[in-house]
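# Predicted model, plus sequence, below.
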Amino acid sequence: MGLPSVLATVFVSSSQDITNQHDGRYSPDSEVRAKGPTYTTRAKKLLHDNFENICLENVQACILLGNICYDDDLADVESLYFVLAVRMAQLLRLAVTNDADDGVTRETKVRVWWSCFVIDTWASGGLNLSRQFKMKIKRPRVPMEENMFYALRQGDADADVLQWRPGFWGHMVRMVEIYTQIQDFHKYLADADVWDEDFILLTVQDLEAQLTLFEQSIEPGMRFSLDNLKAYIHQGLGGIFIAFNLGLHHYWTLLFYLYLDHRRPPTTNGRAYASRCKQHATIVCDILRASREHETAEALYNIVGHVTVVSSSVLLHTYLFGEPEELPDAKHRLESNFESLVQLRKYWASIEFMINRLVIFQNNCLRSLNRNTHRFDRWMVKFLLEHGLALEEKEEDADNLPMDMGNSTVYGSLQCERGRVTHGIIMELQNGDYSS
């Protein structure tokens, strides 16, 4: 049986052009990419006409349409489609094993359920909304290893329990469970009038221990290196290898980001945590560059834009306040990240929105070059987590002294000279003059 018409249509509109054997959105042919809106309109109509049919295919259609709406600058509509997907998944009880299902159906349900969980975590955080999934809800096993799943055929029994093992997707959902705790921690910091330093240290140490234990639990071959990437490309898994490692190092970056705030009182691990934040942000840059250089492992989904922007904000910190010997590498990595944004902008209109967020972040840096540019407050949490919301210019406060761009005395400072360099390359990116 072929795909239901609604799912087939939305699949074409979001990704694949079957006749040309290219991914439609990622096709080098602009005429192929231009077909997307037509298919999207048709897919929405088909789904709406079949709206009361609560089925697995409609859950998948809602997920795909939600992603399309985000790119069309319809974040609120995206959220509605994702809410529908989650509710349908719950009504279908996808987390409950059905003994009548064959192996393909059972694993597909597992993957759709966990897709809803991951989407709920990212999309809810991106709009500063409460998550629908709670930590203690009933959940299925994590997804099986990718090639094991791909080898299943319709009618096959489920994978043998002795041979079953998790793959990238299975490990990824475990990471996202830790990410939900990082989200909650950041929101606590943003809302607290007074920081409890003992609580902060204990929370960071706990989350650090969880991520460390997670890293130790995965096979060494799953960790990012060019050799490992090439091995997974050979297996046809280069893309998910990249996605997995981008997520891992993005979460590490977020965990330690508050230690870039120079207002913080000295702590035992403060400098080490700030250094590790920078280390993981540079690894994100390395992964993005490797992705661009290996065609079958390109990270072209739109949320990569946000991950790139967060990594770039850390690199800005290094360039503004780092030692002189750090500057060439920081500048080179910033430019490398911008190559990824330029690449993504060809396919996703929403990348312009993310670039604008980076520009506003940079503007705040230029107005407050007193080592206070990475102040961890409500505004910073919005920048780091709420990628679906517009980022307003930060209001001036007593700690932020505006910089006079025309004042030669101010421009004589080391940080202002560095700020002028980063301002120039970011403006080129925003204005479309930047070329990789």
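That came through, no problem.
# contacts, neighbours, all on C-alpha from now
Noted.
# separation between residue 184 and residue 214?
According to C-alpha to C-alpha, to the nearest Å, residue 184 and residue 214 sit 19 Å apart.
# of those two, who's got more company?
Neighbour count, other C-alpha atoms under 10 Å: between residue 184 and residue 214, residue 214 has more, with 15 against 12.
# And for the more buried one, nearest residue in space, chain neighbours not counted?
Leaving aside its sequence neighbours, residue 214 sits nearest to residue 175 (C-alpha to C-alpha, 6 or more residues apart in numbering; 7.7 Å).
# Could you measure from the one you found over to residue 209?
13 Å.
# quick one, strands of the chain?
For the chain, strands defined by DSSP state E occupy the ranges 16-17, 22-23.
# Lowest average pLDDT across these?
Note on the strands of the chain: lowest mean pLDDT is at strand 16-17, with a mean of 40.
# Residue 260 - nearest residue in space that isn't next to it in sequence?
residue 274 (5.5 Å).
# And the one you found, how far from residue 173?
Counting by C-alpha to C-alpha, the gap from residue 274 to residue 173 is 26 Å.
# go on, residue 162?
The separation that residue 162 has from residue 173, given C-alpha to C-alpha, amounts to 22 Å.
# So for these two, which sits in the more crowded spot?
Counted by other C-alpha under 10 Å, residue 162 and residue 173 do not tie: residue 173 has more neighbours, with 18 against 6.
# so what's the more buried one up against?
114, 118, 142 (C-alpha atoms under 8 Å, 6 or more residues apart in numbering).
# the more surrounded of residue 175 and residue 209?
Remark: of residue 175 and residue 209, residue 175 carries more neighbours, 20 against 12, as counted by other C-alpha under 10 Å.
# ok, the more buried one touching residue 246?
No: in this structure, residue 175 is not within contact of residue 246 by C-alpha atoms under 8 Å, at 11.4 Å.
# okay, how far is it across stretch 128-139, tip to tip?
So stretch 128-139: terminal residues 24 Å apart, C-alpha to C-alpha.
# which parts of it are buried?
128, 131, 133, 139 (16 or more other C-alpha atoms under 10 Å).
# Could you export stretch 190-203 as CSV, CA atoms only?
As requested, the backbone C-alpha atoms of stretch 190-203 are provided in CSV (Å, rounded to 0.1, in the frame of the first residue of the first chain):
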residue,chain,number,x,y,z
ALA,A,190,16.3,34.0,34.5
ASP,A,191,13.4,34.4,36.9
ALA,A,192,15.3,34.3,40.2
ASP,A,193,15.8,37.7,41.9
VAL,A,194,18.8,36.4,43.9
TRP,A,195,20.9,33.5,42.8
ASP,A,196,21.6,30.7,45.2
GLU,A,197,25.2,30.0,44.3
ASP,A,198,25.2,26.7,46.2
PHE,A,199,22.2,25.5,44.3
ILE,A,200,23.7,26.6,41.0
LEU,A,201,26.9,24.7,41.6
LEU,A,202,25.1,21.6,42.7
THR,A,203,22.7,21.7,39.7
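# what distance separates that stretch from the middle of the whole chain?
25 Å (C-alpha atoms, centre = their mean, to the nearest Å).
# heads up, I number from 331, so please use that
In the new count, where the first residue is 331, that last one comes out as stretch 520-533.
# picking up where we left off before, for the residue nearest to residue 590, what are its contacts?
Contacts for residue 604 (C-alpha under 8 Å, 6+ apart) come out as 586, 587, 588, 589, 590.
# what's the closest of these to residue 685?
Among the contacts of residue 604, residue 587 lies closest to residue 685 (C-alpha to C-alpha), at 19.8 Å.
# Settle this for me: the closest one is touching residue 607, isn't it.
Yes: Residue 587 sits in contact with residue 607 when judged by C-alpha under 8 Å, with a separation of 5.9 Å.
# For residue 508, see how far away the residue nearest to residue 533 when sequence neighbours are not counted is.
Once flanking residues are discounted, residue 533 sits nearest to residue 515: 7.8 Å by C-alpha to C-alpha, 6+ apart. Residue 515 sits 11 Å away from residue 508, going by C-alpha to C-alpha.
# try residue 581
The value you get for residue 581 to residue 508, if C-alpha to C-alpha is used, is 8 Å.
# Between these two, which has more neighbouring residues?
Comparing residue 581 with residue 508 by other C-alpha under 10 Å, the one with more neighbours is residue 581, at 23 against 16.
# what about that one, distance to residue 456?
15 Å.
# List the contacts of the residue nearest to residue 721 when sequence neighbours are not counted.
Spatial nearest neighbour of residue 721, chain neighbours left out: residue 687 (5.8 Å); criterion: C-alpha to C-alpha, 6+ apart. Residues near residue 687 by C-alpha under 8 Å, 6+ apart: 713, 720, 721.
# Report the contact partners of the first one.
Going by C-alpha under 8 Å, 6+ apart, residue 713 touches 687, 691, 721.
# can I get the residues you listed in TSV with distance to residue 759 and pLDDT?
Output for the contacts of residue 713, formatted as TSV (distance: C-alpha to C-alpha, whole Å; pLDDT from 0 to 100):
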residue	distance to residue 759	pLDDT
687	12	92
691	14	88
721	18	89
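# how about low-confidence regions in this structure?
331-358, 401-403, 465-467, 698-703, 726-745, 762-766 (pLDDT under 70).
# the domain parsing of it - what is it?
Using the TED database, the domain parsing of the chain gives 339-474, 516-547+580-719+740-765.
# Reformat those as CSV; add distance to residue 485.
Converted to CSV, the domains of the chain look like this (distance: least, C-alpha to C-alpha, whole Å):
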stretch, distance to residue 485
domain 339-474, 5
domain 516-547+580-719+740-765, 30
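# Which of those domains sits closest to residue 496?
The nearest among those, by C-alpha to C-alpha, is domain 339-474 at 4.3 Å.
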